[in-house]
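A.B. asks: Just a sequence and a predicted model for now, questions to come.
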Amino acid sequence: MSSEVSPIPLRHHLDRRAADLIEEGQGDPDTLMTTAGVGEWLGVSTQWLEIGRSKGYGPPFIRLSASRVRYRRGNVVGWLTERTIHHSSPPRRG
């Protein structure tokens with residue numbers, strides 16, 4: 001069983017909603033979630049998550065076997081928190 005941490009891409013529509021998604025995703029941080037479950041929570045397709053795993057972006061995941069991947073709820077919340085911190089910028093003044 002291995003855990004892979006993915007880098008954060010430059011910008012994504014999740015950045016604007018990250019704080020709300022964190023609040024919606026409250027629960028046991030050790031819960032293992034399927035790709036479909038995380039996609040539904042984040043409002044992204046399973047394909048986006050699958051491509052993200054292969055390209056090196058998206059929330060950290062755990063590969064249980066060659067065909068089984070899970071996401072630990074607490075890791076997804078942590079990834080969303082990083083997106084909130086790294087991609088929030090003060091409004092431009094003009």
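C.D. replies: Great, that's in hand.
A.B. asks: Grab the most central residue of this structure for me.
C.D. replies: P59 (3.3 Å; C-alpha atoms, centre = their mean).
A.B. asks: Name the SS class of it, please.
C.D. replies: Three-state assignment for P59 (DSSP: H, G, I helix; E, B strand; the rest coil): coil.
A.B. asks: Dihedrals phi and psi, it?
C.D. replies: For P59, the backbone dihedrals are phi -70, psi 150 (criterion: degrees, to the nearest 10).
A.B. asks: again with L32
C.D. replies: Per-residue torsions, L32: phi -90, psi 130 (degrees, to the nearest 10).
A.B. asks: Tell me the pLDDT of the residue lying closest to it once chain neighbours are set aside.
C.D. replies: Leaving aside its chain neighbours, L32 sits nearest to R70 (4.0 Å; criterion: C-beta to C-beta, 6 or more residues apart in numbering). For the C-beta atoms, the positions are set from N, CA and C on the backbone; glycine is no exception. As predicted, R70 sits at a pLDDT of 98.
A.B. asks: Could you verify that R70 is part of a strand?
C.D. replies: Yes: assessed with three-state DSSP, R70 lies in a strand.
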